[in-house]
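Undergrad: kindly return the folded structure for what I paste below:
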Amino acid sequence: MIDVERVRSYLLRLQQSITGELQDIDGSASFEVDEWQREAGGGGRSMVMRGGAVFEQGGVNYSEVFGDNLPASATAHRPELAGRQFRAMGVSLVMHPDNPYIPTSHANVRFFVAEKPDEDSIWWFGGGFDLTPYYGFTADCQHWHRVAKQACDPYGPEHYNDYKKWCDEYFFLKHRNETRARGIGGLFFDDLNQPDFETAFAFMRSVGDHYLPAYIPIVERHKDDSFGQREKEFQWYRRGRYVEFNLVYDRGTLFGLQSGGRTESILMSLPPVVNWRYNYQPAAGSPEAELTDYYLQARDWLAQDGQ
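TA: Purely as a prediction, here's the structure:
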């Protein structure tokens, strides 16, 4: 039997633990708390950091929304959901560091249930985490994927490979014919309701609980790296790909906007400064070229790690 209250309690604790550790590592800025209500049903708590010593901007959002009709983004690939009441809750976060040598990170864990009188509930978990570097480091890529695999391994040897592949495919920018719109990938899963509620819930918690162990060591490794205007401008340029994906394809963004969600909270994932440069091509052999020529190509980072 599904237990919505246990899911809600876990998600609220996760938001608190993540913001606490990120605030500690920044050491300067704190998260502003914004409680909000959704007129059509539900609400949430947005926690946003700006102008920190480590993080230029970031947000960790908890939302829980419900209603009588699902938006088109939800029923497009699940037509059996049409005509059902729904409840969706989750924690979603994006951290945009100031230092271009620290990657941007994203994580999301969520639960969805749709109900109709005299019929069984339709429910599932989804989520994942992914990493967007601006300058590539093999050790960072290996660590990120090593922890992702650790999150998956207790639930089956196939999970890491399956959800890594799904992550790589999900972040494809169709209009640019580019893979890895958000860097080196990680995990992405959705529609998870097997083999039962308890196991699926435990897997979702494992993914949520492994975000900080995956990200914090990378932040610590690079937070004192020196950088200049060249690196900042390249960071702003690459952030453009992040924005394009979020506004055009991201399921969470589309669901939030189409379901009448709170726009400020939905778009908190966007970076504070971004630019687009016409037909930009990095110099051959440069660190900027190495990012796309090597690091953003699909590869098995754990094979290089000896695992």
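Undergrad: with just CA atoms, put the top helix by length along the chain into CSV.
TA: Using DSSP state H, we find that the single longest helix of the chain is helix 4-26. Below are the C-alpha coordinates for helix 4-26, written out as CSV (Å, rounded to 0.1, in the frame of the first residue of the first chain):
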residue,chain,number,x,y,z
VAL,A,4,2.0,9.5,0.9
GLU,A,5,2.9,10.8,4.3
ARG,A,6,6.1,8.9,4.5
VAL,A,7,7.2,10.2,1.1
ARG,A,8,6.3,13.7,2.1
SER,A,9,8.3,13.4,5.4
TYR,A,10,11.3,12.1,3.6
LEU,A,11,11.3,14.8,1.0
LEU,A,12,11.1,17.6,3.6
ARG,A,13,14.0,16.1,5.5
LEU,A,14,16.0,15.8,2.3
GLN,A,15,15.5,19.4,1.5
GLN,A,16,16.7,20.4,5.0
SER,A,17,19.8,18.2,4.9
ILE,A,18,20.9,19.3,1.5
THR,A,19,20.5,23.0,2.2
GLY,A,20,22.3,22.6,5.5
GLU,A,21,25.4,21.0,3.9
LEU,A,22,25.5,23.3,0.9
GLN,A,23,25.2,26.4,3.2
ASP,A,24,28.1,25.0,5.3
ILE,A,25,30.4,24.5,2.3
ASP,A,26,29.6,28.0,1.0
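Undergrad: pLDDT on that helix, on average?
TA: The average pLDDT for helix 4-26 rounds to 98.
Undergrad: do the same with stretch 282-302
TA: Stretch 282-302 shows a mean pLDDT of 93.
Undergrad: could you do stretch 54-71 as well?
TA: The average pLDDT within stretch 54-71 is 89.
Undergrad: sorry, back to before: give me the residues contacting the longest helix of the chain.
TA: Where contact means Cβ atoms under 8 Å, 6 or more residues apart in numbering, the residues beyond helix 4-26 that reach it are 29-31, 45, 47, 49, 52-55, 58, 60-62, 64, 87, 89-91, 93, 95, 107, 109, 111, 113, 201, 205, 208-209, 211-212, 216, 219-220, 223. For glycine as for every other residue, the C-beta is placed from the backbone atoms N, C-alpha and C.
Undergrad: so which bits of the next helix or strand after it are buried?
TA: Once the chain leaves helix 4-26, the next helix or strand it forms, by DSSP states H and E, is strand 32-37. By neighbour count on 16 or more other Cβ atoms under 10 Å, the buried set for strand 32-37 is D34.
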